[in-house]
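Colleague: With the input below, show me the fold.
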Amino acid sequence: MTPNPPPTAQRLGRPDRSMHLLSATSGAADIVAFLKLNMVFTSAMTGNLALFGIAVGQGHLLSATHSLTALLGFIIGVAIAALWKERPFGLRWILALEVVFLALYALCWLRWGFPLGGSPLYALILFSAIGMGMQSVAARLINVAGVPSVVFTNTLTSIVLVFIQSIHKHQPLPFALYQQIAALLAYLGGAVVFAFLLMVMPVLAMTLPAVLVALALWMHWHPVADAAT
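Modeller: Sure thing, here's the model as predicted:
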């Protein structure tokens with residue numbers, strides 16, 4: 001049996017690249033939702049729950065319904081993905097369905113722009129959150145160093161813990177640490193790039209998420225893994 005290569009000999013492969021695309025999409029979803037969809041998160045449900053609690057606690061019930069819509073959309077997305085994940089080519093189906101919902105999200109924006117309220121606003125929040133819920137299940141199936149692609153609190157905790165433990169014990173940094181850092185930077189990069197696009201070219205900010213997930217789907221279309229990685 002061939003031993004595993006040392007961490008320094010390992011390279012980021014196809015699963016990592018697809019995870020980077022999904023992580024960047026999550027960063028885009030959260031930035032756009034927070035800045036343009038009445039300050040909600042459609043990917044980071046911890047932050048969204050906090051916003052829901054603030055709205056309810058301060059009596060801003062209308063704002064609470066926006067956060068609640070994102071929460072329900074995320075749950076719906078996870079539920080849909082759960083029905084497909086055990087089927088043949090389940091990851092492909094989940095990513096394909098996510099592309100569909102993100103395309104609907106883009107079409108709603110092309111039709112209504114950034115609405116201040118009403119059903120168009122709820123539709124944008126809902127479609128974005130459904131896509132992110134499905135993406136959270138897809139990330140579990142890709143399974144890159146435990147990175148969820150939609151929220152990075154646990155990933156950041158793991159990065160710091162592993163780094164400190166490795167330094168303290170004078171051990172080489174594990175390859176999984178590099179994978180987690182790369183995914184975290186992809187999320188941050190997506191947030192930065194899409195915040196900029198919202199200012200200079202909003203049409204790209206609203207349509208590129210579907211393209212990024214479509215690219216991740218393309219990477220997983222062929223079942224043969226990267227033998228070199």
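Colleague: Please, where are all the helices along this protein?
Modeller: Secondary structure of the chain (DSSP state H): helices at 14-36, 45-57, 61-84, 90-112, 118-142, 153-168, 175-200, 202-219.
Colleague: and the angle for the second one with helix 153-168?
Modeller: The reference is to helix 45-57. Comparing the axes of helix 45-57 and helix 153-168 via axes from the mean of the first three to the mean of the last three CA atoms, to 10 degrees yields an angle of 130 degrees.
Colleague: Who are the packing partners of helix 45-57?
Modeller: helix 61-84 (3 or more CB pairs under 8 Å, 6 or more residues apart in numbering; DSSP states H and E). For every residue, glycine as well, the C-beta is placed using N, CA and C.
Colleague: switch the cut-off to 10 Å
Modeller: helix 14-36, helix 61-84, helix 118-142, helix 153-168 (3 or more CB pairs under 10 Å, 6 or more residues apart in numbering; DSSP states H and E).
Colleague: May I see the ones you listed arranged in TSV, with distance to A195, mean pLDDT and mean neighbour count as well?
Modeller: Converted to TSV, the helices and strands packed on helix 45-57 look like this (distance: least, CB to CB, whole Å; pLDDT from 0 to 100; neighbours: other CB atoms under 10 Å):
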stretch	distance to A195	mean pLDDT	mean neighbour count
helix 14-36	5	91	24
helix 61-84	19	93	19
helix 118-142	16	94	24
helix 153-168	20	83	13
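Colleague: Identify whichever of the ones you listed lies nearest to I54.
Modeller: helix 61-84 (8.3 Å; CB to CB).
Colleague: Run the chain-centre distance for the closest one.
Modeller: Centre-to-centre, helix 61-84 and its host chain are 14 Å apart (CA atoms, centre = their mean, to the nearest Å).
Colleague: which helices and strands sit right next to that helix?
Modeller: Looks like helix 61-84 contacts helix 14-36, helix 45-57, helix 90-112, helix 118-142 (3+ CB pairs under 10 Å, 6+ apart).
Colleague: can I get those helices in CSV with distance to V211?
Modeller: What follows is those, written out as CSV (distance: least, CB to CB, whole Å):
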stretch, distance to V211
helix 14-36, 9
helix 45-57, 24
helix 90-112, 9
helix 118-142, 13
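Colleague: and L197, which of these is closest to it?
Modeller: Across the helices and strands packed on helix 61-84, closest to L197 is helix 14-36 (CB to CB), at 8.4 Å.
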